[in-house]
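Peer 1: when you get a sec, could you give me coordinates for this:
(chains A and B)
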2 protein chains.
Amino acid sequence: MHDDVAIDTDRFRERFEAYAEFGATDAGGLHRLALSDADRRARDRFVEDLRDAGLDVRIDELGNVFGRYEAGDPDAAPVLVGSHLDSQPYGGRFDGQLGVLTALEAVQAIAESPVEPDRPVEVVNWTNEEGTRFQPSMMGSSGYVGYEPVEELLDATDRDGVSVREELERIGYDGDAPCEPPEAGVHSFLELHVEQGPVLDDEGVPVAIVDGVYGLSWLRVTVDGEANHAGPTPMHDRSDALAAATDAIREVNRLPQQLSADAVATVGELAVEPNSINVIPARAEFTVDLRSYDDDAVDRGVERVEAEVAAACDRHGADYEVERVSRHHSLSFSDRVRDAADRGVAAAGVDARHLVSGAGHDAQHLQTLTDAGMLFVPSVDGYTHTEAEYTEWADCVAGARAFAHTALELATEN
Amino acid sequence: MHDDVAIDTDRFRERFEAYAEFGATDAGGLHRLALSDADRRARDRFVEDLRDAGLDVRIDELGNVFGRYEAGDPDAAPVLVGSHLDSQPYGGRFDGQLGVLTALEAVQAIAESPVEPDRPVEVVNWTNEEGTRFQPSMMGSSGYVGYEPVEELLDATDRDGVSVREELERIGYDGDAPCEPPEAGVHSFLELHVEQGPVLDDEGVPVAIVDGVYGLSWLRVTVDGEANHAGPTPMHDRSDALAAATDAIREVNRLPQQLSADAVATVGELAVEPNSINVIPARAEFTVDLRSYDDDAVDRGVERVEAEVAAACDRHGADYEVERVSRHHSLSFSDRVRDAADRGVAAAGVDARHLVSGAGHDAQHLQTLTDAGMLFVPSVDGYTHTEAEYTEWADCVAGARAFAHTALELATEN
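Peer 2: You can find the predicted model right below:
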């Protein structure tokens, strides 16, 4: 127990409001795509704040920004804490940003406390977590843990053909440090994030300790029928790609209840060709996002989607292709970090429950490198990736208190 | 009977092949959008051919091109024959073009025959029948019969904001003649077109006499749900706009069999927002094209679509709007022209049946002004509005023979 670690709630709030101005939208959200000018302004302020807090700033090749609090044994593996400052297009102010500022506030609170940690603590802002401008998502942490090669990530381009490398140079964040863990390794990683689901809000609990992350499969389905005139072509003479796709999508939506209690399935993208009011669709292309903490349920779901597409296309005389775009297996965070978080929320005197995350986070990549874990705070009504995303400030503060104590637990454990 | 009206099959074929070069696609189709450079080249050749055939050329304000064969009483109302030279984007070579060239060949055959008609015959190329670049479709004939004001039609713009007026000037088809019928009126209008459906091809019949045109309703449906993250949002906590739209579209596709034997329903356009693989759709917008020769069936269909959208959105907690975009009632062509066509196909010695058109044509507009009618030739496998559109040349010739005899019947009847 460290009763003497206290966050500065005024500083925390002022900072949150100030950062929310970089890329602020009229509707109270945030439009701060990775490596945009708005992202640059947020990063500039972050570097300034790290320096003001007495931390050593380091920027790596992928633009990940680190601020190191030197404590305890300088050769020890540091505790790493942080999240991301980029946002979804017209997204919310809490997704990512709250986690970076909570981490910074926690490190300052530790530095200002009488407690001396046994090892350094580093705050990090990971580059391009969202992945809406440049793919893949969770780019900075991916390069850091060696999941994807840094050179390939630097070559990724946006829709206008502009590369990550060019944008890093343009905004001045093409750092000199190699994108890799320190030689001593990383002791542990801790990230705070908004839940992006309704559970904490529904239950009125301010904090969740995250046990793991759902497994996920992304599919891309292409259905090929025959374009023809919507008037003179009798119904029985048609091969309507959208009609076939519609039948399949309906089954995708009914799938989760047959798979597991926690499974979810979403058709988020759909495009029709030639997309003309009086032409029978020749092609319909849609995506399927299928998730569960139970990997068997995800695998069975993928097979069921393929079978439903085949059956629907057979009925409509259409051809099809189901491409398995990506598959991430479910992941459990480290017991060590979960235990530290249990002690941390207790020390902070904050109510908490355990949860599994349906969304992906940088912490997943870090779990492949070291012991990683996460804390969630509520998303009101579960809204996320929209300007309506909201978290009560009291919950942000409760989360920051729990986070500071958990980080200190990690920085002082033997 | 006029056994002595004979079309020149070589000239007819050479001309068809030559015109098919203006806007030819690699796949053997035609990409000749209204008032494009390709359309200009086809028009230039058409004017040249009209003059070579000894016809008086007249171009009106909307760019409709007329070639007048002076015969019989110069003050008599002329018989008008023709179709359109513009094409769908990457459409076929037969839709429209075949009708214009058949009309031209028929008038030349009549002029070259020993028969002297009682009244003039005019060939016409109507501007912008397809309506894919500029809306509304059937523009030239609409202005001509006074269905829509010529000034409004001239102001219509394409996606780049370029107006019909500007394009007519640019390609040199902003004619001096007023866009209106002659003072003497129009005796009758006859148009040949490809069927754009499978019936003639299925039955091996080369020509159809068209009794009328289906009634049509176009609807635009907007479904509003709630965007949210596809991972952490439980199925029971969603309002997925695409899931609701999908349920409704499925019912639209099942509707025709409950309405009438000839009813057809098509969802041709569908757009999803934000259209992201891991975001629950906030909005889905789709169109419905509903047709039958039975107007009651169309009206009942519209009500059923509205009810199905309401029921689906209710189940998914989504909001919706159903906009009735347009409604054209079914139309019967003139008995006088149908009778002339019955005599014409008999005189030509061509097999024919009667049919109703599921597609709209310029002849519909003309029916509001005078006695109008149409002949169809087969579309192989019913394909149309695609580069695969095809009609056997023997059927084109049979159609042209029937057309020339029908036109002569109209030009010589008392």
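Peer 1: list the buried residues of the lengthiest helix in chain A.
Peer 2: Counting residues, the longest helix found in chain A (DSSP state H) is helix A:295-316. Residues of helix A:295-316 classed as buried: A:295, A:297-302, A:304-306, A:308-309, A:312-313, A:316 (neighbour count, 16 or more other CB atoms under 10 Å in any protein chain shown). C-beta here means a position set from N, CA and C on the backbone, and glycine is covered the same way.
Peer 1: beyond that helix, next helix or strand please.
Peer 2: Once helix A:295-316 ends, the next helix or strand along the chain (criterion: DSSP states H and E) is strand A:319-328.
Peer 1: buried stuff in that following strand?
Peer 2: Quick answer for strand A:319-328 (16+ other CB under 10 Å): A:320, A:322, A:328.
Peer 1: also stretch A:272-283?
Peer 2: Neighbour counts using 16+ other CB under 10 Å place A:272, A:274-283 of stretch A:272-283 among the buried residues.
Peer 1: check contacts around the residue positioned nearest the centre of chain A.
Peer 2: In chain A, the centroid-proximal residue (CA atoms, centre = their mean) is A:H361; its distance is 3.6 Å. For A:H361, the contacting residues are A:83, A:129, A:138, A:191, A:193, A:213, A:374, by CB atoms under 8 Å, 6 or more residues apart in numbering or on different chains.
Peer 1: any chance of JSON lines for those, columns distance to B:A42, secondary structure and pLDDT?
Peer 2: Formatted as JSON lines, these follow (distance: CB to CB, whole Å; DSSP: H, G, I helix; E, B strand; the rest coil; pLDDT from 0 to 100):
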{"residue": "A:S83", "distance to B:A42": "62", "secondary structure": "strand", "pLDDT": "98"}
{"residue": "A:E129", "distance to B:A42": "55", "secondary structure": "coil", "pLDDT": "97"}
{"residue": "A:M138", "distance to B:A42": "55", "secondary structure": "coil", "pLDDT": "96"}
{"residue": "A:E191", "distance to B:A42": "64", "secondary structure": "strand", "pLDDT": "98"}
{"residue": "A:H193", "distance to B:A42": "62", "secondary structure": "strand", "pLDDT": "98"}
{"residue": "A:V213", "distance to B:A42": "61", "secondary structure": "strand", "pLDDT": "97"}
{"residue": "A:M374", "distance to B:A42": "66", "secondary structure": "strand", "pLDDT": "98"}
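Peer 1: which among these gets closest to chain B?
Peer 2: The closest of the contacts of A:H361 to chain B turns out to be A:V213 (CB to the nearest CB; 8.7 Å).
Peer 1: look up how far A:P378 lies from the closest one.
Peer 2: Distance of A:V213 to A:P378, computed by CB to CB, to the nearest Å: 18 Å.
Peer 1: neighbour count winner among the two?
Peer 2: A count of neighbours by other CB atoms under 10 Å in any protein chain shown puts A:P378 above the other of A:V213 and A:P378, at 28 against 25.
Peer 1: name the nearest residue to that one, ignoring sequence neighbours.
Peer 2: A:L200 (3.8 Å; CB to CB, 6 or more residues apart in numbering or on different chains).
Peer 1: how about that neighbour, what does it touch?
Peer 2: Residues near A:L200 by CB under 8 Å, 6+ apart: A:206-208, A:353, A:355, A:376-379, A:395.
Peer 1: burial count for whatever residue of the stretch 251-400 of chain A ends up closest to chain B?
Peer 2: Nearest to chain B, among the residues of the stretch 251-400 of chain A, is A:G358, at 3.2 Å (CB to the nearest CB). Counted by other CB under 10 Å, the residues lying close to A:G358 total 24.
Peer 1: quick one: contacts for it?
Peer 2: Per CB under 8 Å, 6+ apart, neighbours of A:G358: A:196-197, A:213-214, A:264, A:291, B:229, B:231-233.
Peer 1: picking that back up, what about the longest helix of chain A, average pLDDT?
Peer 2: The average pLDDT within helix A:295-316 is 98.
Peer 1: same check, this time on stretch A:349-357
Peer 2: Stretch A:349-357 comes out at a mean pLDDT of 97.
Peer 1: how about the helix or strand harbouring A:A103 as PDB, C-alpha atoms only?
Peer 2: According to DSSP H and E, A:A103 maps onto helix A:97-112. What follows is helix A:97-112, C-alpha atoms only, in PDB (Å, rounded to 0.1, in the frame of the first residue of the first chain):
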ATOM      1  CA  GLN A  97      -5.800  10.400 -25.100                       C
ATOM      2  CA  LEU A  98      -7.200   9.700 -21.600                       C
ATOM      3  CA  GLY A  99      -4.800   6.800 -21.400                       C
ATOM      4  CA  VAL A 100      -1.700   8.800 -22.300                       C
ATOM      5  CA  LEU A 101      -2.600  11.600 -19.900                       C
ATOM      6  CA  THR A 102      -3.400   9.200 -17.100                       C
ATOM      7  CA  ALA A 103       0.000   7.600 -17.600                       C
ATOM      8  CA  LEU A 104       1.800  10.900 -17.500                       C
ATOM      9  CA  GLU A 105      -0.200  12.000 -14.400                       C
ATOM     10  CA  ALA A 106       0.600   8.700 -12.700                       C
ATOM     11  CA  VAL A 107       4.300   9.100 -13.300                       C
ATOM     12  CA  GLN A 108       4.300  12.600 -12.100                       C
ATOM     13  CA  ALA A 109       2.400  11.500  -9.000                       C
ATOM     14  CA  ILE A 110       5.000   8.800  -8.300                       C
ATOM     15  CA  ALA A 111       7.900  11.200  -8.900                       C
ATOM     16  CA  GLU A 112       6.300  13.700  -6.500                       C
END
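Peer 1: great, nothing more from me.
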